[in-house]
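Student: I'd like to go over a predicted model; first the sequence, then the structure.
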Amino acid sequence: MKRILFLLALCALPFPVSAAAPAADPCKDAPFPPEPWTSWMQSGAERAAGEAHSAPRLILGKPVVAALRPAVQVQYAVKPEKLRPKSYGGLFTLSVKTAARVGVGLSGSAWVDIVTGDQAVPSIAHGHGPECSGIRKIVWFDLPAGVHLLQIADSPAREVRVMAADAIANQPLPPPPSGRDF
């Protein structure tokens, strides 16, 4: 009986907790993404189209959370290089006033093509977005002026944040040549 009382008394004593403190969030105080991605976290939502003629327009510098369609419901203008049967995709249009280098940023894994006429525009570079930005990948294209079709394919998720950005948007202008009076 004395042992039981001793054990009960021991249980009532405060027990030191040796749980590790949660790890600090490395992105807690991260700066906003640099140009041309500073508007990446702005709000906007759009349903991706399944056919080119009904594709909503993306505006350079304006991100949207795209609600994608099951891949089997999308009529791609050019067959994507990667396309699993149980994936999601969709179509958007993108208008470029003058020839420009345009990056397409995505928050998740997906395949991106830009189609002009009936040809896919070759990408010129791809990589990850800035650290802690939420941009998983950026694919760059040199686009002529005109309206283009942006194809998203092979996404494992139904939604993805997407943004098209002009590489030189909002970049500081070079200083004027010195030695001249203006």
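Tutor: Thanks, I have it.
Student: and the residue most central in space within the chain, what does it touch?
Tutor: For the chain, the residue nearest the mean C-alpha position is L106 (2.1 Å; C-alpha atoms, centre = their mean). L106 sits next to 112, 135-138, 152, 160-162 when contact means C-beta atoms under 8 Å, 6 or more residues apart in numbering. The way it works is simple: take the backbone N, C-alpha and C, and place the C-beta from them, glycine included.
Student: neighbour count, distance to A71 and pLDDT added to those residues, as a markdown table?
Tutor: Formatted as a markdown table, those follow (neighbours: other C-beta atoms under 10 Å; distance: C-beta to C-beta, whole Å; pLDDT from 0 to 100):
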| residue | neighbour count | distance to A71 | pLDDT |
| --- | --- | --- | --- |
| V112 | 24 | 14 | 97 |
| I135 | 21 | 23 | 94 |
| R136 | 15 | 19 | 95 |
| K137 | 18 | 18 | 96 |
| I138 | 20 | 22 | 97 |
| I152 | 28 | 10 | 98 |
| V160 | 24 | 13 | 98 |
| R161 | 20 | 19 | 97 |
| V162 | 25 | 16 | 98 |
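Student: and these, which two are furthest apart?
Tutor: Farthest apart among the contacts of L106 by C-beta to C-beta are I135 and I152. That separation is 14.6 Å.
Student: distance of T38 from F32?
Tutor: 6 Å (C-beta to C-beta, to the nearest Å).
Student: so for those two, which sits in the more crowded spot?
Tutor: T38 (16 against 13; other C-beta atoms under 10 Å).
Student: shouldn't that one be in contact with K62?
Tutor: No. The criterion here is C-beta atoms under 8 Å, and T38 misses it with K62 at 11.7 Å.
Student: between the two, which contacts overlap?
Tutor: What both T38 and K62 touch, as defined by C-beta under 8 Å, 6+ apart, is an empty set.
Student: give me the beta-bridge partners of the residue nearest to the centre of the chain?
Tutor: K137, V162 (DSSP bridges).
Student: and if you look at V147?
Tutor: Beta-bridge pairing of V147 under DSSP bridges involves S95.
Student: now it: how far from I114?
Tutor: In terms of C-beta to C-beta, V147 sits 11 Å off from I114.
Student: residue ranges of the helices in this structure, please?
Tutor: Ranges of helices within the chain are 2-12, based on DSSP state H.
Student: show me the shaky parts of it.
Tutor: Low-confidence segments of the chain, defined by pLDDT under 70: 1-22, 170-173, 178-182.
Student: do a quick rundown of the strands in it.
Tutor: Ranges of strands in the chain, per DSSP state E, are 45-47, 57-58, 64-67, 69-70, 88-96, 100-106, 111-116, 119-120, 123-127, 137-143, 146-155, 159-166.
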